[in-house]
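J.: coordinates for the following, if possible.
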Amino acid sequence: MLAHAPEIAMGLRGFGGAMTTKTTLPESLIELLRLRVAFHNQCRSCMAIRYRAANADISEAEVCSLEQPQEAKSLDDRERLAVELGDRFACDHLSIDEVFFEQLKTVSYTHLRAHETR
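T.: This is a model prediction of the structure:
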């Protein structure tokens with residue numbers, strides 16, 4: 001489809017490239033979010049794919065735990081919040097409000113500060 005509109009394809013390629021090179025979040029966190037949204041959408045292809053950048057950081061047991069993340073012992077607070085973002089994004093995007101963004105910022109900021117001190 002994009003072969004008929006190469007300018008759109010190049011735009012998407014540039015956007016995708018920026019998303020992977022300019023992110024401050026770990027690939028494993030992004031992968032958890034992506035997989036949770038795929039679970040809600042029941043996209044079998046998306047659920048089956050594992051991105052190379054995050055593949056070593058996420059076990060299949062962790063992927064399977066995303067079916068019931070509230071019971072997953074392997075998820076930390078940051079990962080639980082990423083999964084909750086996926087839930088809200090897929091099922092109730094209007095619930096992603098300022099209060100929730102503040103939670104995201106706090107957890108993300110704490111994570112980034114920990115990396116700065118290393």
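J.: helix, strand or coil: sort out residue 67 for me.
T.: coil (DSSP: H, G, I helix; E, B strand; the rest coil).
J.: nearest residue to it other than its sequence neighbours?
T.: residue 39 (6.9 Å; CB to CB, 6 or more residues apart in numbering). All C-beta atoms are positioned from the backbone trio N, CA, C, and that covers glycine.
J.: contact partners for the one you found?
T.: With contact taken as CB atoms under 8 Å, 6 or more residues apart in numbering, residue 39 is in contact with 47, 66-67.
J.: what subset of those residues is buried?
T.: 47, 66 (16 or more other CB atoms under 10 Å).
J.: where exactly do the helices run in the chain?
T.: Remark: helices assigned in the chain by DSSP state H are 6-21, 27-41, 44-48, 52-55, 60-65, 77-91, 98-116.
J.: still on that earlier bit, of the contacts of residue 39, closest to residue 8?
T.: residue 47 (26.7 Å; CB to CB).
J.: ok, that closest one to residue 66 distance?
T.: Separation of residue 47 from residue 66 (CB to CB, to the nearest Å): 9 Å.
J.: residues shared between the contacts of these two?
T.: Between them, residue 47 and residue 66 share the contacting residues 35, 39, judged by CB under 8 Å, 6+ apart.
J.: related to what we said a few turns ago, need the helices of the chain in TSV (columns: mean pLDDT).
T.: Below are the helices of the chain laid out as TSV (pLDDT from 0 to 100):
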stretch	mean pLDDT
helix 6-21	79
helix 27-41	87
helix 44-48	86
helix 52-55	68
helix 60-65	81
helix 77-91	90
helix 98-116	70
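J.: make TSV from the ones you listed and add distance to residue 71 to it.
T.: As requested, the helices of the chain are exported to TSV (distance: least, CB to CB, whole Å):
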stretch	distance to residue 71
helix 6-21	31
helix 27-41	14
helix 44-48	19
helix 52-55	22
helix 60-65	7
helix 77-91	11
helix 98-116	20
